[in-house]
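Chemist: Provide a 3D model corresponding to the input given below.
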Amino acid sequence: MVTNGLALESFGLSKRFGSVAAVDGVDLRVEPGSVRGVIGPNGAGKTTMLRLLLGLVRPDAGRIEIFGRPPASAAGLDGVAGFVEEPRFYPYLSGRRTLELFAKLDGGDAGGRIGELLDLVGLDRGAAERRVGGYSTGMRQRLGLALALLGRPRVLLLDEPTTALDPTGAREMRDVVRQLAAEGVAVLLSSHDMDAVADICDSVTVLLAGRVVWDGSMERLLADAPPAEYRLETNDDDRALALSGSHAGVRARRGAPSGLVMATERDELDQFVLALAAEGIAVRRLTEVASSVELMFTALTGETAR
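Modeler: Alright, predicted model coming up:
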């Protein structure tokens with residue numbers, strides 16, 4: 001029974017390894033049917049946080065509740081699944097045989113869902129019948145997700161789930177996560193790439209050196225984030241720079257070795273491009289060099305978002 005409407009919650013969670021505070025007083029909340037991102041640079045404490053939540057390591061302080069129960073209780077991790085770091089399997093088994101083995105251990109209807117799950121994560125028949133030892137990292141990520149979903153979890157914890165996936169694979173993984181959330185699953189995923197989670201997460205917790213430096217909804221993060229930065233090249237950069245001074249929503253400076261770098265919202269950018277055309281200034285190239293969420297990540301952590 002969920003008494004507070006939360007699937008997963010932590011209170012003042014802390015873990016030290018010697019003199020290093022890997023996780024330092026972290027409060028975290030994930031609601032059923034939502035996706036929360038735990039974001040931070042390498043070494044921020046994301047993986048340790050997931051290990052704590054999955055009961056793989058014990059906290060030094062604080063507590064965890066999953067559907068109102070501590071994970072150490074008899075039913076504490078019932079309905080919880082996921083993986084930390086890269087999923088690992090018996091290399092001599094095929095992807096399908098791996099799922100069959102764990103389905104047998106899980107019992108229930110897990111065995112009858114293997115074909116459905118292979119389709120869901122994008123492992124076709126050819127890949128499913130190959131030995132896992134020959135899988136790429138991205139294919140192991142897909143198989144890891146299929147394995148996590150065998151028992152129909154209500155809480156899903158994923159560590160860097162789009163790592164090593166190509167853009168198409170990463171988009172498919174995000175689609176699967178959103179589908180699971182729409183079905184009521186509470187999803188917590190870690191990443192060091194703000195752009196990778198901007199269109200998937202409902203809320204975000206940003207970690208730096210084990211501490212929470214920002215926490216809130218994705219909507220609020222986007223509202224707080226600085227304008228995106230663009231690189232603009234024209235046939236007359238001097239006139240373009242001068243013209244930017246008459247547009248309050250556009251901050252422009254000279255780029256290197258040429259062109260301009262502009263910080264602006266998309267609507268203001270559209271108006272500025274139209275103004276350039278009206279003045280006979282041709283736009284030769286316009287590219288986004290840093291999104292709003294990338295710049296927010298850098299402002300919060302002092303590191304680039306990728």
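
Chemist: quick one, strands of this structure?
Modeler: 8-17, 20-30, 35-39, 61-66, 80-83, 155-159, 186-191, 203-208, 211-217, 229-234, 250-254, 260-264, 283-290 (DSSP state E).

Chemist: by how many degrees do the second one and strand 35-39 diverge?
Modeler: By that I understand strand 20-30. Calculated by axes from the mean of the first three to the mean of the last three CA atoms, to 10 degrees, strand 20-30 forms an angle of 160 degrees with strand 35-39.

Chemist: and strand 20-30, what other elements does it pack with?
Modeler: Secondary-structure packing of strand 20-30 (3 or more CB pairs under 8 Å, 6 or more residues apart in numbering; DSSP states H and E): strand 8-17, strand 35-39, helix 46-53, strand 61-66, strand 186-191, strand 203-208, strand 211-217. C-betas here are computed from N, CA, C, even on glycine.

Chemist: how about the fifth one?
Modeler: With contacts defined as 3+ CB pairs under 8 Å, 6+ apart, the secondary structure elements packing on strand 80-83 are helix 137-149, strand 155-159.

Chemist: any chance of those in a markdown table, plus distance to Leu221?
Modeler: Shown next, in a markdown table, are the helices and strands packed on strand 80-83 (distance: least, CB to CB, whole Å):
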| stretch | distance to Leu221 |
| --- | --- |
| helix 137-149 | 25 |
| strand 155-159 | 20 |
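
Chemist: of these, which is nearest Leu54?
Modeler: Smallest distance to Leu54 across those (CB to CB): 6.0 Å, for strand 155-159.

Chemist: which helix in this structure has the most residues?
Modeler: Ranked by residue count, the top helix of the chain under DSSP state H comes out as helix 167-182.

Chemist: and Leu222, how many neighbours?
Modeler: 12 (other CB atoms under 10 Å).

Chemist: for the helix or strand bottoming out on mean pLDDT in the chain, buried residues please.
Modeler: None of the helices or strands of the chain scores lower by mean pLDDT, DSSP states H and E than helix 194-198, at a mean of 81. Within helix 194-198, the residues that count as buried by 16 or more other CB atoms under 10 Å are 194, 196-198.

Chemist: one more: stretch 118-127?
Modeler: If you call a residue buried by 16+ other CB under 10 Å, then stretch 118-127 has these buried ones: 118, 120-123, 127.

Chemist: can I get these in a markdown table including pLDDT and distance to Glu265?
Modeler: Converted to a markdown table, those look like this (pLDDT from 0 to 100; distance: CB to CB, whole Å):
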| residue | pLDDT | distance to Glu265 |
| --- | --- | --- |
| Leu118 | 92 | 43 |
| Leu120 | 90 | 37 |
| Val121 | 90 | 37 |
| Gly122 | 88 | 35 |
| Leu123 | 89 | 41 |
| Ala127 | 90 | 43 |
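
Chemist: helices - which of those land there?
Modeler: 118, 120-121, 127.

Chemist: max pairwise distance over those residues: which two?
Modeler: Largest pairwise distance in these, by CB to CB, is 13.5 Å, between Leu120 and Ala127.

Chemist: so where's this structure uncertain?
Modeler: For the chain, the stretches flagged by pLDDT under 70 are 1-4, 72-76, 303-306.

Chemist: per the record, what domains does it have?
Modeler: Following automatic domain parsing, one finds the domains of the chain at 8-217, 229-290.

Chemist: quick check: Ala21 touching Ala209?
Modeler: Yes - with contact defined as CB atoms under 8 Å, Ala21 and Ala209 form a contacting pair (7.3 Å).

Chemist: count of neighbours near Pro70?
Modeler: Counted with other CB under 10 Å, residues neighbouring Pro70 total 12.

Chemist: about what we covered before: quick one: which of the buried residues of helix 194-198 is nearest Leu50?
Modeler: For those, the nearest to Leu50 is Val197 (14.6 Å; CB to CB).

Chemist: which residues does stretch 99-109 contact?
Modeler: 93, 110-111, 113-114, 117-118, 143, 146-147, 150-151 (CB atoms under 8 Å, 6 or more residues apart in numbering).

Chemist: weed out the non-buried ones from these.
Modeler: Looks like those have 110, 113-114, 117-118, 143, 146-147, 150-151 buried, using 16+ other CB under 10 Å.

Chemist: wait, what's in contact with Leu147?
Modeler: 83, 87, 98-99, 102.

Chemist: that concludes my questions; thank you for your assistance.
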